[in-house]
Each structure stands twice: as structure tokens, then as C-alpha cells.
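>>> got a sequence here, can you build the structure:
(2 chains)
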Protein chains: 2
Amino acid sequence: MGRWEPGARERLVLAALDLFQEQGYDETTVAQIAERAGLTRSTFFRHFPDKRELLVAGQATMSALLAEGIREAPAGATPLAAVAEGLRRAAKAYGPLSREIAPRLEAVLAASEELRQRNAQKAVGLAAAMEEALVARGVPTVSARLAAELGVLAHHTAFTRWAAESAAPAEAMADYSVEALEELRRAAASLA
Amino acid sequence: MGRWEPGARERLVLAALDLFQEQGYDETTVAQIAERAGLTRSTFFRHFPDKRELLVAGQATMSALLAEGIREAPAGATPLAAVAEGLRRAAKAYGPLSREIAPRLEAVLAASEELRQRNAQKAVGLAAAMEEALVARGVPTVSARLAAELGVLAHHTAFTRWAAESAAPAEAMADYSVEALEELRRAAASLA
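The predicted structure follows:
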């Protein structure tokens, strides 16, 4: 992990990922995660309500950043330009922990239906945050919903590509996201 | 329920909805659902693996119908015209049980994070089924993914409207879906 020194929260996430991959999500207990991280169960519960929330713990931060970027986009920005600002802002949440987690997340999700369900609901939350921020800018509801979905799709595509590109630094997520959004804009033009 | 006579599966779903609304999802056991439906626990487990699957039990059928409609759309159909065929086909899954459930589903979902997570994952499954069927028609990946998402959004919008319109028969879901898809197509044109 180079010069990056993970704190308690990060150590818990990494320990959980290790255990989910080694022995499965269902078989892993909070006590085991805490032990692997060299921490206590009560420290775990100071950071996370349960093991299901571990891998989506960034959702609230991401939602806030997406909405903030959309809110602060220039007054004349199109809905998709505002979404691009949201994605750029949200990319700031990516750091060394994300870089560690990203390449392993897909395998962990593939092995646990429960985590996939939680992850799907995370996407719903991100879309809702963007839709609300777009509506607040005066974007009509249907367009706001669609632009928000494009934002979520762009984020997912960008994350998958960035995760696979182990040399890409955390800062690159912004460009990956904006590029994926532009691809979706072109696809929307050809579909419509 | 007029002349409609629910079978064991339908009675279990309706009993579960009653109990989820009366006492909450978390507090409701499979034994209670079976008892309320006048059936045994083993009958429950012949129809559903657990209580979480009760309200999304139509997912496999819906996915199959969506894919079938897309597959059998005319060769020259645009991706969105194929999705419209999928939505028409999927609307055939709507019957008296859906009509009973629909107006109550939102309240039940609003009260249970676990059910919302399962429901979000259902949408991911429907989108994947449509995307795969579109790719099989030769639609490029990004366009297929986006067209599938438009299909899911159209389905959700149509379902919400149809659920709120208690006089609308099950057969009306096809028109509601196609209309919602057309609205999204127009929104996509204006966004792009």
C-alpha cells in the first residue's frame, strides 16, 4: 500500500474484503472482521451498522458530492453538463482505499446475492440524489430522471474500467466518468 | 376480488402483503404468512424460497417475456421499438393478482429497506435481460445498455401510474408502458 496508512475504518473494509473472498460473505462475522483488522467489535460498530453496509459506506458522501456538483454547475449548463459536474465532484471521493478495493469488488459482489441487492439499492440512492438536484435546477421530471440514470450508468462504466486499469490513479476517475457520460450522450442521440 | 379466485401462490402473496402492512416486514414470519393464507409452511416453501422473494417472484417470468418480445421484434425495428415490443409482451404477465397488489406495493416497499434492496436488484435483472436480447440483435453495447435502462424506467413509470389508476385493467399496462417509453425517448432527444 506504499505510503498510504489505512485508519481503522479502512482496515475494517480491507479485512472484510479479505474474509469475504477467502470464506464467503455469509460465513463471515463482524467479530472475525474486527479480529482480522486488529480491532474490537465495538470499534466496528462505531464505523458501520453491520457487515452489509461495509462496501457501500461511501454512498452518503457520493450522493452529497453528486448533488453539490449539479447544484453548483453554471446557470446555463445543460442537464448532462450539470451531471458531468456532479461526476467530477464525486470522483474526489476516490482515494487509496478505493484503489485497493476496486479490483476485488466485482468478485465479492458476484459471490453474494445479498451484497448485489445492497449495491443495486446504492445505485437507486445515487440516481435519486442527482434527480432531485436536477429538478431543483428546473429540469423537467422525466428529463431529470433520465439524466440521473445516465449519470449512474456513466459512473458504473467508469468504475469498471478504472478498476481494471490498475495503473490509473484515483484522480483519473473524473475523466473516466465524463468520458463514459459522453459515450452515453451519443448513444442517447442515436437511440432517440 | 370479483370473480377472480386466487390459488395458493396468490393467497400467500396477498396474506404476506396484509401482514407486512399490519405489523411490518421484519416482524412477519413465514409461518404467519402461511397461517393467514390458510396454508402450511411447506406449501409456502413449495412456492417461494423465503419471504424476501414473495413480492419479486414475477422477475423470472418478466425477464423472459421482455427478452422474447425484443427477440421477436421485426428485423428492421430500432432498439427502442424492440424494447417497446418487450414491454408489450411483459405486460401480459399482469393479471388480477398484480391489480390487487399494485396499489399497496409502494407502501410496503417504503417501510422495508430489505425489500427495497431486493426490488432494486430485480430492476438490475430486468435490464440485463433486455440488454442481452438487444445485443443479440446486433445493437452496440452502450446503446443496448441505455435502451434497456430506458425500458426499466418506462416500466417503473408505467407501473406507478397504473397502480394509482385503480380503474385501469391489467391489459392497460401495455399502453402505459409504451407511452412512458415514448416520453423517455423524447427526453433522450432533448438531453442529447
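
>>> got the contact list for the residue nearest to residue A:95 when sequence neighbours are not counted?
Spatially, and ignoring its direct neighbours in sequence, residue A:95 is nearest to residue A:170 (5.1 Å; Cβ to Cβ, 6 or more residues apart in numbering or on different chains). C-beta here means a position set from N, CA and C on the backbone, and glycine is covered the same way. By Cβ atoms under 8 Å, 6 or more residues apart in numbering or on different chains, residue A:170 lies in contact with A:91, A:94-96, A:98-99.

>>> now, those residues that are in helices?
Per DSSP state H, helices hold the following members of those: A:91, A:96, A:98-99.

>>> by neighbours, which of those wins?
For these, the largest neighbour count, defined by other Cβ atoms under 10 Å in any protein chain shown, is 24 neighbours, found at residue A:91.

>>> where does that one land on pLDDT?
Predicted confidence (pLDDT) for residue A:91: 94.

>>> and if you look at residue A:166?
87.

>>> ditto for residue A:4
68.

>>> enumerate the residues of chain A near chain B.
Counting by Cβ under 8 Å from any Cβ of the partner chain, the residues of chain A close to chain B are A:78-80, A:113, A:116-118, A:120-121, A:123-124, A:140, A:142-143, A:145-147, A:149-150, A:153, A:183-192.

>>> which ones among those are found in helices?
A:79-80, A:113, A:116-118, A:120-121, A:123-124, A:142-143, A:145-147, A:149-150, A:153, A:183-191.

>>> buried ones only from these, please, as a ChimeraX command.
Remark: buried members of these, expressed as a ChimeraX selection using 16 or more other Cβ atoms under 10 Å in any protein chain shown:
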select /A:79,80,116,117,118,120,121,123,124,142,143,145,146,147,149,150,153,183,184,185,187,188,191
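
>>> residues of the lowest-mean-pLDDT helix or strand in chain A that come out buried?
Among the helices and strands of chain A, helix A:96-110 carries the lowest confidence by mean pLDDT, DSSP states H and E, at a mean of 89. Of the residues in helix A:96-110, A:96-102, A:104-105, A:108-109 count as buried by neighbour count, 16+ other Cβ under 10 Å.

>>> picking up where we left off before, what would the contacts of residue A:170 look like in JSON lines with distance to residue B:65?
Shown next, in JSON lines, are these (distance: Cβ to Cβ, whole Å):
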{"residue": "A:91", "distance to residue B:65": "38"}
{"residue": "A:94", "distance to residue B:65": "39"}
{"residue": "A:95", "distance to residue B:65": "44"}
{"residue": "A:96", "distance to residue B:65": "46"}
{"residue": "A:98", "distance to residue B:65": "38"}
{"residue": "A:99", "distance to residue B:65": "42"}
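
>>> just the closest of those residues to chain B, please.
Proximity of the contacts of residue A:170 to chain B (Cβ to the nearest Cβ) peaks at residue A:91, which lies at 20.3 Å.

>>> check contacts around the closest one.
Residue A:91 sits next to A:170-171, A:173-174, A:177 when contact means Cβ under 8 Å, 6+ apart.

>>> just to revisit the earlier point, which pair of the contacts of residue A:170 spans the longest distance?
Greatest spacing in these, by Cβ to Cβ: A:91 and A:96 (14.2 Å).

>>> what's the neighbour count on residue A:24?
By other Cβ under 10 Å, the residues close to residue A:24 number 12.

>>> dihedrals phi and psi, it?
Dihedral pair for residue A:24: phi 100, psi 150, per degrees, to the nearest 10.

>>> show me the contacts for it.
A:111-112.
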